[in-house]
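Engineer: Please find the sequence and the predicted model below.
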Amino acid sequence: MRSSAIISVLVLVLTPQCLANNERRELIFYLSRELLGQWLTTGANFLTHPCTLVVKPKLTNWMMNYEGIFSCPGWSDIEGKSITRCEMSTAERAVQNFLALGIDQHLFRRVDARIWLSQRFTIYQLNVTKTRSFPV
């Protein structure tokens, strides 16, 4: 078999996998941003399930780190965990870890997460339209 044929077959097989991984990472990124925004303002609620995010300081080897745990207790036993030196990145990585585990363990489907995210975006658009409708 010629080397160009082998390369062509590899490209055809590996390209969909790379695209799927990029799509998954992008979805997790946007979902985590939305959940973090909720957590900072009113409390996280994902797919109609209340979720908790706890970030607390932790002293390790005389260095201050933050430990984060994100979970949705009434829905699943999955916990997203993270330890970093920055409080916000700990929170973000804990949420992303939860979302990745949730997708991997079939807690929710990507389609459901996309629909939830688009509904949140629609709510934001309606709120912006309402707040801008005052006379100038």
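Structural biologist: That came in fine, so what should we check first? All values reported here derive from a predicted model rather than from experimental measurement. Residues are numbered from 1 along each chain as shown.
Engineer: I69 versus L117, what's the distance?
Structural biologist: 23 Å (Cβ to Cβ, to the nearest Å). The C-beta positions use only the backbone N, C-alpha and C, and glycine is treated the same way.
Engineer: I'd like the mean pLDDT over the helix or strand hosting S118, please.
Structural biologist: Per DSSP states H and E: S118 is located in helix 110-131. Computed over helix 110-131, the mean pLDDT rounds to 73.
Engineer: With stretch 58-65 instead?
Structural biologist: What stretch 58-65 shows for mean pLDDT is 87.
Engineer: got the buried residues for that stretch?
Structural biologist: By 16 or more other Cβ atoms under 10 Å, the buried positions in stretch 58-65 come out as N65.
Engineer: my guess is N97 meets F70, correct?
Structural biologist: Yes - with contact defined as Cβ atoms under 8 Å, N97 and F70 form a contacting pair (7.3 Å).
Engineer: the more surrounded of these two?
Structural biologist: F70 (30 against 20; other Cβ atoms under 10 Å).
Engineer: Other residues contacting stretch 33-48?
Structural biologist: With Cβ atoms under 8 Å, 6 or more residues apart in numbering as the test, stretch 33-48 has contacts from 31, 50-53, 70, 72, 88, 91-92, 95, 108, 112-113, 116-117, 120.
Engineer: Now the terminal residues of that stretch, how far apart.
Structural biologist: From its first residue to its last, stretch 33-48 covers 17 Å (Cα to Cα, to the nearest Å).
Engineer: what about F70, helix or strand, and which?
Structural biologist: Using DSSP H and E, the element containing F70 is strand 63-71.
Engineer: elements contacting that strand?
Structural biologist: Applying 3 or more Cβ pairs under 8 Å, 6 or more residues apart in numbering; DSSP states H and E, we find strand 63-71 packed against strand 52-60, strand 79-84, helix 87-104.
Engineer: Using TSV, lay out these together with distance to G37.
Structural biologist: Listed next are the helices and strands packed on strand 63-71 as TSV, based on distance: least, Cβ to Cβ, whole Å:
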stretch	distance to G37
strand 52-60	12
strand 79-84	16
helix 87-104	11
